[in-house]
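Enquirer: Just a sequence and a predicted model for now, questions to come.
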Amino acid sequence: MIIATEKLAKTYGSREAVHGVDLEVPQGAAMALIGANGAGKTTTIRMLMNILRPDAGSARVLGVESRKLSAAEFQRIGYVSENQRMPERLSVAGFFDYLRPLYPTWDRKLEDSLRASLDLPGDRRIGQLSHGMRMKVALASALPFHPELLVLDEPLSGVDALVRDEFMAGMLAQAGEMTVLISSHDLADIEGSASHVAFMDRGRLLFQESMDQLTGRFRAVSVTMSNELSPPRDDASWLEAKASGHVFSFVESRFEGEEQLRRKIAGKLGEARNVDVRPMSLRAISTALMRNARRDASTQ
Amino acid sequence: MKASTRIGAVMRRDWRLFWPMIAGVGAWQVLQRGLAEPDPTGNRDLSVLFAELADEPLQYLPVLAAALTILLIATLVIVIVHEDEVPGVRGDWLTRPVRRFETLGAKALLVGGAVLVPDFVAGLVYAFVQDAPIDAALLHAGGRTIGDLIGLVLPLFLLASMTSNLAEAAILGIIVAGANYVLGPNTLYGLGLIRGPADASWLTDLARLGLIVVIGAPLVVWQYRRPNRWLVRSVAGVGVAAWIALAYVSPYDLARMHVGVSPDPGAGASITLSEGSIEPAMLARMRPCSPKAAMCSPRFPLPKVVGMPAGDGVVLEASIIRVRDAAGRQVATYGLAPASDPFGGGVPQPGLVSSEPDRKAMAGVFDGIRSGALHMEGDMTLSLLAPDQRVTLPIDGKRRFVRGLGACRVWEASNSSVQVQCRPIGTAPNSMSVILEGARPPARCALDAAGCSVWAAPLPARLILPQRPLNAYVSLLVGRQMPKTLDIQTYVVKAHFARQAPLKAIVPTASPPAPPAGGKP
């Protein structure tokens, strides 16, 4: 595992920001860490990067205890964060001049090509750039040394669609054997690139699995009954369940095949006139999960 | 990859970011500290240069410029350190392959170079302008630079390492400075809690520098190693409290510590204090207190120094007057009020027990002393000084560098008085007397006029700590001709020691009456 945490926890005052997180990121994976704002994603990543000290538990990154990450490991880690504070009075070119000597594997050609493809103005001060341009500078500075691990904390927040596309294209072009951990509360843009997904809610890691497993077990289901429905019996695997006239719709979170699903529906609702089962996008899945988490929070 | 490569990369980046500021502050520092340093003797250079401005606010410009220098240095140190803020969690440097100690090293080197190199150059310029030779100039500049490293740069670095922005640092700095101002020595003096002509203050100054090194340096390292701004702020707060508390060490206790570090403890063994007497002329001028007198303090004859080696001098450092009852129980303690200006008169004044702290409480004690129910004892700490160097300077107003004394200038302040100033550069004594032919008897020992001609208090020569300048005003006796030269006698400390002095109080006495007006008694 490139990243492995065990019961990782962090508390701010009386607020538990991260609680007992066991996260595993396999080598070569592109892990999407998803969850609503305040779910604990940034705190988890900051603990992984040794920016924050965990209150309990442990984390290993590149096989090293996170608290002991040193220059040798950071030469192999690229880190981009939405809140990253870069030397604002330095020009873009000056920033790259500063970084080059820090990385023995720095690839000047790759730097040049990234700066050209992302259209970064070398003479502009970083503080004068827009948020999107700053994120592009951050990404371009995290790739030229061919990091083994790329950690991206909400890199696309507040960034327009064009920049998002350029950003993701830049990242994907260099991905290779790199392991990526990317946190986001909006998965539309990383749907095509994430191989694994971990979902956090209120400081807890609810699940982590491969993208295939995740997309395989979620289905949007619409059931048309012959008679008007009475409120159906609750099922833990059905999210966002709602009835309207003869139609009952929900998200099945444990889909194992249509036959099995039809039997389950028949057992709970009776014989259906029509059952429509559709695969879901990652964005739709994450939205359903977050709504469900919010509903759970409000009922507690 | 070598640590030096990474430190160099961070330094180059910071230089690129801050070189205009570094160059500007450095140039200002050399100009202000090298050429326009406020005169340590108290005179303001501008009033000397432009006599017509003597009473104008402009004469304070050098003092304001010196304050501006401190502000500029503080800003420079703080912005350089804050570029990679230590307490934050958003800094780009946190995830770059640079160890925290390497960042600390890069910052320390750049800050040290940016502040201390111009400081050193300014010290050289200052010394050369005063006609000092190269060795004295190097000593002066080096001592000042080390002093500023400990007393200025290190505290500022600590302040910067536990704050995230300039405003936060400014607020914290103002709180600390305010606490020191309110609780520090100025207020204490105002309350009358500091008493006596003690001058072992170098011990306090040294302790304060030690405090900065012992607490400040480890805190900076700790903050970079394991940032914890509240822990570091708490420990730094304790350090500031200790810094302020040092002001509360009484001069007498400080002088007792001085005895503990006496160069030759046996040198003063033959010296004792005997009961003195008040000159009849002085006694005649004293009169009993009236019941309505606001100030009415017991006075006593100054003890005589007995057994002092010929040629040496003795000065009183500090004293504590204990009032005891017939059974020997201590009823009260008082300080000895500072003697009058040593150059103000040639005759020793009788001691005056300080009555500042609580006049009402003292009234009962004084009644006891007057009735004989209570008696006084004096515990005194003294220093024995031996003559070292005697220098003759012409009274011509020209500045001369005198090795071992500094840059000196002697001029006629009036038809019947001479002023002498020496700015210490390199090593300089802190114990000197000024001898002018035809003047009133030279500055005398606080205890004994006979054979005692020491002016300043005995301090070891200071290098890192600020040196005390000589600024003396000597009056000629009526009808005497103005001589062509003036002598300065320097002394070295032979011993610090403590003695008990028999004190016979004369109470009540009031201040000598004013001369009768209109010729009527």
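Expert: Yes, it's here.

Enquirer: Could you use CA atoms for every contact and neighbour count after this?
Expert: Fine.

Enquirer: Now the helix or strand hosting A:Ile182: average pLDDT?
Expert: Using DSSP states H and E, A:Ile182 maps to strand A:179-184. Here strand A:179-184 scores 89 as its mean pLDDT.

Enquirer: List the strands paired with that strand, with their directions.
Expert: Applying DSSP bridges to the sheet, strand A:179-184 is found paired with strand A:30-34 (parallel), strand A:149-153 (parallel).

Enquirer: quick one, the helix or strand just after the last one and strand A:179-184 angle?
Expert: Scanning forward in sequence from strand A:149-153 by DSSP H and E, the next helix or strand is helix A:161-175. Angle, helix A:161-175 to strand A:179-184, by axes from the mean of the first three to the mean of the last three Cα atoms, to 10 degrees: 160 degrees.

Enquirer: Could you pull out the buried residues of stretch B:380-396?
Expert: B:Met380, B:Thr381, B:Leu382, B:Ser383, B:Leu384, B:Leu385, B:Ala386, B:Pro387, B:Leu393, B:Ile395 (16 or more other Cα atoms under 10 Å in any protein chain shown).

Enquirer: now stretch B:484-498
Expert: Residues of stretch B:484-498 classed as buried by neighbour count (16+ other Cα under 10 Å): B:485-486, B:488-498.

Enquirer: try stretch B:97-117
Expert: Within stretch B:97-117, the residues scored as buried using 16+ other Cα under 10 Å are B:97-100, B:102-108, B:110-112, B:114-117.

Enquirer: tell me the SS of A:Gly122?
Expert: coil (DSSP: H, G, I helix; E, B strand; the rest coil).

Enquirer: how many other residues sit next to it?
Expert: When neighbours are counted by other Cα atoms under 10 Å in any protein chain shown, A:Gly122 registers 15.

Enquirer: Wait, it touches A:Ser91, no?
Expert: Yes. The pair A:Gly122 / A:Ser91 is scored as a contact, 6.5 Å apart, by Cα atoms under 8 Å.

Enquirer: Where does pLDDT dip in chain B?
Expert: Residue ranges of chain B with pLDDT under 70: B:1, B:38-59, B:183-200, B:276-302, B:334-363, B:428, B:430-431, B:440-468, B:505-521.

Enquirer: Quick check: residues of it near chain A?
Expert: Within chain B, the positions near chain A by Cα under 8 Å from any Cα of the partner chain are B:1, B:5-6, B:9-10, B:12-13, B:16-17, B:83, B:89-92, B:94-99.

Enquirer: Find the closest residue to chain A in the stretch 251-400 of chain B.
Expert: The nearest approach of the stretch 251-400 of chain B to chain A comes at B:Leu254, 45.8 Å away (Cα to the nearest Cα).

Enquirer: so which strand or helix has that residue?
Expert: helix B:251-260.

Enquirer: Which elements pack onto that helix?
Expert: helix B:201-211, strand B:313-325, strand B:374-394, strand B:485-503 (3 or more Cα pairs under 8 Å, 6 or more residues apart in numbering or on different chains; DSSP states H and E).

Enquirer: which strands and helices sit next to the last one?
Expert: Under the contact definition 3+ Cα pairs under 8 Å, 6+ apart, strand B:485-503 sits against helix B:251-260, strand B:272-274, strand B:374-394, strand B:432-435.

Enquirer: Going by neighbour count, which of the residues of chain B next to chain A are buried?
Expert: Among those, those scoring as buried are B:6, B:9-10, B:12-13, B:17, B:83, B:89-92, B:94-99 (criterion: 16+ other Cα under 10 Å).

Enquirer: Now do the same contact list for the residue in chain A that chain B sits nearest to.
Expert: Closest contact between chain A and chain B, by Cα to the nearest Cα, is at A:Ala71 (3.9 Å). When the contact criterion is Cα atoms under 8 Å, 6 or more residues apart in numbering or on different chains, the partners of A:Ala71 are B:Arg96, B:Pro97, B:Val98, B:Arg99.
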